[in-house]
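Visitor: Compute the structure for the input listed below.
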Amino acid sequence: MLFRLFILFAIVPVIEIYLLIKVGSVIGGLPTVAILLAISLLGAYLVRHQGFAILRKIQEELAQGRLPAAQLLDGALVLVGGVLLMTPGFFTDFLGIFFLIPLTRNIIKMWLGLWLRNRLAGGGFVIRRF
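Guide: Numbering: from 1, shown residues only. Now for the predicted structure:
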């Protein structure tokens, strides 16, 4: 797990720098920075808008006496998408948009559900105490 995180934190910045250099060499430095700033602002708006919608759904579920598990997962995915969108770079922006679009977010939720079921069925979780 630690190795995977190391790879993630080592490779993503390299991809981002490569894409920034390529895009900057095609359209120029100032337009590249302007696009990144605009995407970050759009991301902040989308996270706020979708976050309030999800919060409203959570309140409705709780008012009806149901556990809002799907809405809580939606909220977590929107939060991850927002963080990715506010991180400068085109690769993380693409991933962030992927987390914010409801259709693709549902695909991520299905994948997470399958992954979790497989981990639970295969005994893939270990609980350790200190």
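Visitor: what comes up buried for the worst-scoring helix or strand of the chain on mean pLDDT?
Guide: Lowest by mean pLDDT, DSSP states H and E among the helices and strands of the chain is helix 102-121, with a mean of 87. By neighbour count on 16 or more other C-beta atoms under 10 Å, the buried set for helix 102-121 is 105, 108. Placement of C-beta: from N, CA and C, glycine included.
Visitor: any idea which helix or strand carries Val78?
Guide: Assigned by DSSP states H and E, Val78 falls within helix 69-86.
Visitor: Report all helices and strands that that helix contacts.
Guide: helix 29-63, helix 90-100, helix 102-121 (3 or more C-beta pairs under 8 Å, 6 or more residues apart in numbering; DSSP states H and E).
Visitor: what's Ile39 in contact with, if anything?
Guide: Contacts for Ile39 (C-beta atoms under 8 Å, 6 or more residues apart in numbering) come out as 85, 93.
Visitor: any idea how far it lies from Leu120?
Guide: Going from Ile39 to Leu120 by C-beta to C-beta, to the nearest Å gives 37 Å.
Visitor: now Val12
Guide: In terms of C-beta to C-beta, Val12 sits 29 Å off from Leu120.
Visitor: TSV for the helices and strands packed on helix 69-86, including distance to Leu19?
Guide: TSV is the format used below for the helices and strands packed on helix 69-86 (distance: least, C-beta to C-beta, whole Å):
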stretch	distance to Leu19
helix 29-63	10
helix 90-100	5
helix 102-121	20
